[in-house]
Structure formats: C-alpha cells, structure tokens
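Participant: fold the following for me, if possible:
(2 chains)
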Amino acid sequence: MLLDVRHLTKTYDTADGTFTVLSGIDMTLDAGRTLALTGESGSGKSTLLHLIGGLDTPDAGEILLDGADVAAMDDAARAKVRRGTVGVVFQQFNLIPSLTVAANIGFQARLAGRDAPGATEALADKLGLTEQLSKYPEQLSGGQQQRVAIARTLAAKPRLVLADEPTGNLDEATAANVLDLMRDLVTETGAALMMVTHSDALASRMERRLHLAQGRIA
Amino acid sequence: MNRTILSALLSHWWRNRMQLFTLLAGLALATALWSGVQAINSEARASYDAAAQTLGEGQYDQIRRSDGGLIADATYIDLRRAGLRVSPVIEDRLNGVRLVGVDPLTAPGGIGPVDVTNDDFNAFLTGRGQVYGTAAALADVGEIDADKVISPDVAPGTLLTDIAVAQRLLDRADGFDRLIVVPGQTLLQPALADIAPDLTRQGAQGADNDLAQLTDSFHLNLTAFGLLSFAVGIFIVNGAIGLAFEQRRPVVRTLRALGVPLDRLLWMTALELCVFALVAGGIGVAMGYGIASLLLPDVAATLRGLYGAQVAGTLSIRPLWWLSSLAIALGGTALAAGAAFWRLYHMPLLAAGQQRALAMAAGRSARWQAWSALVLLTVAAALVAAVAVAGLEQGLVAGFAMLACLLIGAALALPYLLDRVLTLGQAMARGVLPQWFWADTRQQLPGLSLALMALLLAMSANIGVSTMVSSFRQTFVDFLDQRLAAELYVTAEDAAQAQALQTFTATRTRAILPIQSAEITLADTPVSLLGARDDTTYRENWAFLASSPAPWDAIAAGEAIAINEQLWRRTALDIGQEVAIKGRTFAIAAVYSDYGNPLGQAIMTEPAFQGLFPEVTALSFGLRLPAEDVPDLVAEMEQALGLPEGATIDQSGIKAFSLGVFDRTFTVTTALNILTLAVAGFAILMSLLTLATMRLPQLAPVWAMGLTRAGLGRLELVRALLLATLTAVVALPLGLALAWVLLSVVNVAAFGWKLPMFLYPLDYARLGLFALIAAALAALWPAIRLARTPPADLLKVFSNER
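Facilitator: Numbers count the residues shown, from 1 in each chain, chains lettered A, B, ... in the order given. Okay, here's the model as predicted:
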C-alpha cells in the first residue's frame, strides 16, 4: 500500500474559536490507482491534500507514505518527501515566472536528481508544449500553464501525484484533455493519482471517489 | 540541487534587470561615498603616522631656544656632558621642500629612514649621502648633491637625511634648530635652566593638541557625511531588496512546495546577496577611489592650511581600506536585507500567494515605524533640552547621538506625516479625478517611502551643512575684518633686522604692533601666550564673547589677560578667575573668539610679557598706516632693510589666503552634499521604475474609464512633484535643526568654538528647486513609459491570461 491515512485531524484557530477542518479521516490508496476527492467548498479537500503532500502538519493521526509517517517528520524530512515521493499540481499552477517553460518542466526533476536527457522534450511533446519551450509562463494561456505544471510534476516521476483542482481554471474541453493526459502519464509511470475536483464528470472518470462533508468522509 | 535553486533565484534578476541594476547601483553608490571618505581619511592618517615615525613629531619632548634662534653646537655638547640624552635636528627649505637632518646615532629608535643595524646604514652616512622622501617630494626638490632614495614611509612634502648631509645641502655651518629628548633619561640631571637658560623644553604633544587629535575633528566630520551618504544608499538597497523579496514570495513558496528546505533556501538567498554585495562593493570601491582622488588635493590643502598637517596629494590603495569598504558593503546589505530575511523565515508555506509589495509599509510595520520615530524624536528633544538647560555642550557623542536620533526619527516619521497630508488632501478634494489622484498617491506611498526618506535625508543634510558653512563663513569674514586690522604685516629674519625695522617704520606708520609669543601651560593645557602692545587697534576691533568691566584697561595695567574661546570652553577658566604665569598672578578679564585656531591662546600687555619673557624678541609686526601708502612702504623697506620677498604681506593678501583656506575646507562637504542629493534622485527614479510595472492593474481601470495614457503620465509626474514638495517642507525644519546641532553642539566639541546661526532663505529656495527638478527628472522616464504603454498591455489586466 502506497498511502495509509489513519485518524487524521486538523484544526485551525479562528476569531470565533477552534475550527475543525478534518476529523478522524481514514483512507488508503494503492500504487497505480486513481482517486477523486470531492466535497463542498470548505469541506477539507485541499487541507487533506496538503497534509498528505507534507505541505502542512496535522494535529493528530498518521500519514503513512510507503510506511513512513509524514505527520511525524520534521520540516527538512517533509521537504524531502515533497521533492522525491510526492508531486503536487496546484490550481494556480505555481510556475516560476522567471524561468522558461523548458526550465520549469525540468525543475522538480533536477531538484529530485531524476532529470534525464530528452525527458523534458518528450513530455512537452506529449502535452503539446514543444512550440512553447523557450517561452516564459506569462506568454502562455491558462491551459498551457496548467499543462506545464502537470509536466513539471510528472517529469520528476513521483510515486504519488496530488492534484488540487488542476482543471479548475480551464474550460470543459481543455479540462477533459488535461485529465486524460494525467491519467495516461500516471499509468505509464505507475504512480498513484489523487485529485481534488468539484466536477462530477471528472470525478466519475477516476477509479475511486471519496466525498468529504464537514471534515469527515461521507 | 543547489545549482537548481540558484538558477531559479538568479533567473528573477535576469528577468528583472532594472531591479538588479537598482540593487547594484544603490549599493555601489553607498559604498563609493563611504569608501571615498575612508580613503581620504586613511591617506591622511598614514601621512600623520609617517610624520610621527620619521620625525618624532608629537612623540618626544623637544628643546628649542626661547627666541626661536639656533642652538649652538657648544650648548648641545654641554647638555650631553651634563647627562641629557638629546639628539640634534636641523631643518630648512631646500628648493621649496622641507629638508630635515637627523643624527641616527643619537636619535630615539624608530626615527630616521634606516635602522642602525641595517646594511643601508653605511650608505646613509657615507659617500655623497642619501636623501629619503616620497617620489613626489624627491621630484620637487630637483637636482641635489646627494643620492635620492624613494621611501613611501617618509612624511609627504619632507625629505630626510643625515644631519651632516643636511648641513652641506643647506649650506649651514653649525647650530641646530631643535633637540629631541630621548626617552628614559637618567634621574640625576641638572635642571635645563642651569645649563642653558635660553632653552625651553616643550612636552610631547599630549591628547589635547596632538596633530592627530586636531585633525580628528575634521576627519570626524568627513566620516559623518560619508556615513550619511552611505545611509542614503542603504535606503535604496533596502527598497530594492525589499521589493525583490516581495516579488519573489510566490516563487519562494513554490520552491518550498516543490521540496526545497527552508534553511537551504535562506542560505542560497544569502549567498546570492553576498555575491551581489561583493560585486557592487568592488564597483563602489573603484568609484570611491575616483571620488577620493578628486577630493584629496583639496583635503590636503585644507589640512595644510588649517592645521599645518602635511598630507600626500595622491592616493595609495591600502588593503585595509578596500577590505573595510567591502566589509561595509556586506554589512550594509545584511542590514538592508535583515527585515526581508525575517519575513521570509516566518512566511507560512500555505499563505495566500499574492504580492504584498505595495503594502510593505502598511499595517504593523507602519505602526512600528511611527512609534520608533516618536521614541527617537523624543530622545533627540531630550538631548536638545539637556544642551539648552543643563549646558551639556561637551562631547561629540552627545552631538552625534542627537543628529542620529533627529535624522532617523524624522525619516521614519515621514511616511506617517505624508499619509496624514494625503488623507487630508483626499478629504478636501472635489471631483472624482482629484479624489482618485489623492487616494492613488496614498496607495503608492509605501512603495515610494524609502526613496522619499532618502530624499529627506539628502535635503536636510544639504540645508544643515550649507547653513553651517554659510554661517561660519559670514562669522569668519567679520572676524577677519576685526582681527586683521593692521594694513601690513612684516616678518624680520633676526632680532637685529627687527630692531632696524621698528626704527625705520616708527615715523612712517601710525602704530607698530609687535607679534610675539611664548608657550606656557594654563590649567594643564598648552597655551600660546601673546604679548600685545596697548593700542586702539585692539580696543576698537577685538570683540569679546564675555568680559569683566573695562577689560582692556585691566590688561593694559598688566593685571589681567584675555583668553580665547577654545581655552575658555575646554578648561574651567572663567572671567574673574586668577591664573599664575611664571610666578605672577593675572585675572582673566575677557574671552575672545579665535576661529580657525584649534589651540588655546591668551594675550597680555607687552610690558608684562617682556617682563616675564625677556628672551623673546618679536620678529613679526603689524603696521598701521593708510592703506594707499602700503605699496610705497613695502618698496622702501625692501630697499632700505633688505627684506626678502615674502617678508611683507598686506592685509588683503592675508584675508584672501585665509578665505581660500576656509573655502577649500568645505569643498569636500559640498561635493558630498551634491553627490548625496544625486543619489536620492536616483533612489526616486529607481523606485518609480520598479513600481511602474506593478502599477498597471491600478491604472488600467482608470484608463478604461476614459483617462488617456498621456493624462496618466502627466499625473504620475505631478504626483512625484507633490511628494517631493511635501518632503522638502519636512526637510527644511529638519535641516535647520541639523544646522543648530552642528553649530552649537558638534562644533563646540570638535573645534572649541560656538558660532552664531544665520538663515539663508534664498539658498533653501534654490535647494528646494533643485530637489523638485531632481524628482521631476526621476519621474519623467516612468511617466513617458506609461504614456507610451501599448493598450494591449493595459487590456491584459482585464483578461484571464494575466
């Protein structure tokens, strides 16, 4: 089992008191499988994704990734997880504006020490970005930027791809296209894919679906 | 991984070259001004050290004849036989260059160009002899009958040789100018007065009048302005680093999300800044060298004129200087980047990714600034009160603390003050466009505040220093008119010629005023005592700062003396107090101003002086006669008495020389002022250019609603002028406060005299105009760029693709 989440709880302090975002979440995900995470706004989907990705720390519970508890790791160890095991595709793309498309695609792979000659060009070809390789992110459309963000994650060959509404900024046709690409590439690399989405149509195309409501799995 | 992180960090600068240029230029300018001043200071100090090491000046007691004449060889032998370990020195001008002859066998260790244990010693003493000096001094002396040896360690403008060689070159048979007293004398010695009553021993120059101490005040002023200029530059660097960090927040967040550890990111960012600091520091050091090379001749002339200190007119590259300059560049960068690093360290990984550049000074940081300003200005006010009420006039530390509190406090208060004024303007504005203009100006304030602070500092420094200089000059001119009342000044070569001169001029002048002096000690302070002839010249022209009733009568009666302001302020001596001079008691009847003289001085009437110092013969005289008769008298004296050229100097010549010395003194500070103002103008330009790219989302909606791009450009220009004007309004009182501190506190502590403060409204108006022109020029380029922004760029603001 690649991912095993046990009794995960996360709270935030607000002006009105303590707000529980996630409460006792248990879930698993095997390598090579796809999972859609759905729910209303504020149900805790993104928080769960961030916790699994080592971007945030829970108040209680365990996140076992390949048997290692991400929740118990210090900042440096979690950074290593983000660099090597996990790849996150953000809704806002989070590209580095001062680097070219080619440099952005190869960036995380170089950080992880997994860059291979020709890998960037091959991914760009698959994602239809070959003509854009020398351009900067600001010169691309939203759909193109999202494809660059996906390529950047996949180029690093993570074992778990976490996608936070990766098609939220895209039109329906482009969104469907991007999802197909992600599924194909995940299948090719044998990674697991966990995707947050509001779209029932997209969620139905994933192998499993988890619905969150008020911080619990419904 | 490090290379990957560094490539991402550096790519920001590659894509934002203007920001990189701002950062490097700001740091280079800051370092240049600082290192330029430090280069001058280190060159001057090296010259003092060389003088002290080669000639023993200031280090050892010296014996001279009371009347200034030569010490006979026989007297020297008597002293040596009596057990006094003294070493003879002769010195005179050779082809216009000072030639000093020392006896290396008897001189204290360290004096002289060669070591007695060295192989060079034989060459120094034998053959044609060797003359040591700097390359410039050796070139100036021309062809001489001795071997020239270049030595950078010899004091500038001085040649050093063996005493026998000096006697031959100067064509002097016997006699010495002075004797150096070697430290570690035997205890059982007869008193000097018993062996040679016509000789006086002068103590090694102590802390109060040591050459370095005298010139320290000058260098302190230079350092203060260098530091101020550096502070203005650091404001630019702070702004550039702050904006760069703010713009890179989303990138930093992305890097961390992609697995870059925070500590590694911080180290890489620090490394990146270190490289920039070293590059900019290197450029700054080179620019500083250029500035120092340009200014050093004036500084050297100033120090020579004011203090008689010889400073080389050319610059050497000293490792300590450029290393310390690079260190200050690194330190300045660290200072400027400190807050940015702190924010980066505490930045949450998942916080909203929007840029905060325009809100940098908003909220908590703005409140912190305002409170800090209040505290600093309160401390400054307390120090001012301490000076005004408690008379805390001594101590440069208090003066500079006051300056620092005033300047930093006012700079920190500026954004708050401007915000209040802009809020008021917004409330009073009628019409939608003026209201938007005021509100938009207010919104831009955080991004421009650092540049405006730099402008405030530059302008207030300009007002403060120009007020001080102009006040000083006005006072000095009046003072010269009073003190240089005699129409002609004459110096005789010896006592016989002095006597002949007095006889010759007795019937040709209204009055002859001998200028005679002796060195004494009053209240443990070395003092030059003048013997003045009772004459209306003194009574009519010398203005006293404080006096007892009828002071001149008491002085003329031989019962009292007058002391100069420096002595008055540095010691506990006061009006009415009695002092003993060679066993006689005198009351202090008056205190006179004595600008330009760093030493203590006192005057008594001529008969009393002659009674106490019969061995002193006046060689210089001031002559009172109708001004139109001066040329004829000079011609007659030269013919009748054989006075050499240069022995007579008329009043206008002395005044011109004195004012020339004075004007050169402030050439350096004026140059620094202009440079500082230019740097502040540059800061505004860079801030506006940096902000210009971030302004489009705010300007595009206004453009879409019907304002033309040219109209927007004009408003940008008006905005810069408005902010510069408001800053100038704040700078005026701050500059005047600065001038008051410089005149009433720093000057008193550094030079020993207090100057009246005069106001120069026209100068301030001209400076304000320069500041507005600088701001307008700085805003012009960004305004033109805005006016020419393609509509497509403005439209991007409304599209999803931005």
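
Participant: C-alpha coordinates for stretch B:81-92, PDB please?
Facilitator: C-alpha atoms of stretch B:81-92 as PDB (Å, rounded to 0.1, in the frame of the first residue of the first chain):
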ATOM      1  CA  ARG B  81      78.100  66.300  29.000                       C
ATOM      2  CA  ALA B  82      75.600  67.000  31.700                       C
ATOM      3  CA  GLY B  83      74.000  63.600  31.000                       C
ATOM      4  CA  LEU B  84      71.000  64.700  29.000                       C
ATOM      5  CA  ARG B  85      70.300  62.300  26.100                       C
ATOM      6  CA  VAL B  86      69.300  64.700  23.300                       C
ATOM      7  CA  SER B  87      69.600  64.300  19.600                       C
ATOM      8  CA  PRO B  88      70.100  67.300  17.300                       C
ATOM      9  CA  VAL B  89      67.800  68.200  14.300                       C
ATOM     10  CA  ILE B  90      68.200  70.800  11.700                       C
ATOM     11  CA  GLU B  91      65.600  71.700   9.100                       C
ATOM     12  CA  ASP B  92      65.000  74.300   6.400                       C
END
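
Participant: residues touching the spatially most central residue of chain A, list them.
Facilitator: Central residue of chain A (Cα atoms, centre = their mean): A:L162, 2.1 Å from the mean position. Going by Cβ atoms under 8 Å, 6 or more residues apart in numbering or on different chains, A:L162 touches A:49, A:52-53, A:86-89, A:194-195. Heads up, the C-betas are built off the backbone N, CA and C, glycines and all.

Participant: tell me which of these is nearest to A:N169?
Facilitator: Nearest to A:N169 out of those is A:V89 (Cβ to Cβ; 11.9 Å).

Participant: can I assume the closest one is in contact with A:A151?
Facilitator: No - look at A:V89 against A:A151 with Cβ atoms under 8 Å: they stay out of range, at 9.8 Å.

Participant: higher neighbour count, those two?
Facilitator: The residue with more neighbours, out of A:V89 and A:A151, is A:A151; 28 against 25, by other Cβ atoms under 10 Å in any protein chain shown.

Participant: which residues touch the more buried one?
Facilitator: Residues near A:A151 by Cβ under 8 Å, 6+ apart: A:105, A:120, A:123-124, A:127, A:129.

Participant: which one among those residues gets closest to chain B?
Facilitator: A:I105 (12.4 Å; Cβ to the nearest Cβ).

Participant: can you list the residue ranges for helices in chain A?
Facilitator: For chain A, the helices defined by DSSP state H occupy A:45-52, A:75-84, A:101-112, A:119-126, A:142-155, A:172-189, A:200-203.

Participant: now do the fourth one: everything it contacts.
Facilitator: Residues lying outside helix A:119-126 but in contact with it, judged by Cβ under 8 Å, 6+ apart, are A:101-102, A:105-106, A:109, A:129-130, A:132-133, A:151, A:154-155, A:181, A:185.

Participant: the same query, at a cut-off of 6 Å, please.
Facilitator: Helix A:119-126 has contacts (Cβ atoms under 6 Å, 6 or more residues apart in numbering or on different chains) with A:102, A:105-106, A:130, A:133, A:151, A:155.

Participant: got the buried residues for it?
Facilitator: A:119-120, A:123-124, A:126 (16 or more other Cβ atoms under 10 Å in any protein chain shown).

Participant: note down every partner strand of the helix or strand B:I563 falls within and its orientation.
Facilitator: If you go by DSSP states H and E, B:I563 is part of strand B:560-564. When pairing is defined by DSSP bridges, strand B:560-564 lines up against strand B:584-592 (parallel), strand B:600-605 (antiparallel).

Participant: follow-up on the earlier one: any idea which of the contacts of helix A:119-126 has the most stuff around it?
Facilitator: For these, neighbours tallied by other Cβ under 10 Å; top is A:I105, 31 neighbours.

Participant: quick revisit: CA atoms only for the strand holding B:I563, dumped as CSV, please.
Facilitator: Extracted in CSV, the C-alpha atoms of strand B:560-564 (Å, rounded to 0.1, in the frame of the first residue of the first chain):
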residue,chain,number,x,y,z
ALA,B,560,44.8,90.8,33.6
ILE,B,561,44.9,88.7,30.5
ALA,B,562,42.3,87.7,27.9
ILE,B,563,41.9,84.1,26.8
ASN,B,564,40.5,82.6,23.6
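
Participant: what does it rub up against?
Facilitator: With contact meaning Cβ under 6 Å, 6+ apart, strand B:560-564 is reached by B:554, B:586-592, B:594, B:601-604.

Participant: next SSE downstream of that strand?
Facilitator: Per DSSP H and E, the first helix or strand lying C-terminal to strand B:560-564 is helix B:565-570.

Participant: what about that next one, average pLDDT?
Facilitator: When pLDDT is averaged over helix B:565-570, the result is 82.

Participant: and after that helix, which helix or strand comes next?
Facilitator: Using DSSP H and E, the next helix or strand after helix B:565-570 towards the C-terminus is strand B:578-581.

Participant: which elements pack onto that following strand?
Facilitator: In terms of contacts (3 or more Cβ pairs under 6 Å, 6 or more residues apart in numbering or on different chains; DSSP states H and E), strand B:578-581 is packed against strand B:584-592.

Participant: what are the contacting residues of the strand it packs on?
Facilitator: Contact with strand B:584-592 is made by B:542, B:544-548, B:551, B:554-555, B:560-565, B:568, B:573, B:575, B:577-579, as judged by Cβ under 6 Å, 6+ apart.

Participant: and with 7 Å instead?
Facilitator: Applying Cβ atoms under 7 Å, 6 or more residues apart in numbering or on different chains, the external contacts of strand B:584-592 come out as B:542, B:544-548, B:551, B:554-555, B:559-565, B:568, B:573-579, B:604, B:612.

Participant: excluding its backbone neighbours, what's nearest the closest residue to chain B within chain A?
Facilitator: Taking Cβ to the nearest Cβ, chain B has its nearest neighbour within chain A at A:R83, 2.6 Å off. Spatial nearest neighbour of A:R83, chain neighbours left out: B:G259 (2.6 Å); criterion: Cβ to Cβ, 6 or more residues apart in numbering or on different chains.

Participant: what distance do you get for that neighbour to A:T20?
Facilitator: As judged by Cβ to Cβ, to the nearest Å, B:G259 and A:T20 stand 29 Å apart.

Participant: check B:Y489 too.
Facilitator: Counting by Cβ to Cβ - B:Y489 and A:T20 are separated by 96 Å.

Participant: of the two, which one has the most company?
Facilitator: B:Y489 (19 against 15).

Participant: so that one is in which element?
Facilitator: Judged by DSSP H and E, B:Y489 forms part of strand B:488-491.

Participant: then B:A340?
Facilitator: helix B:319-345.
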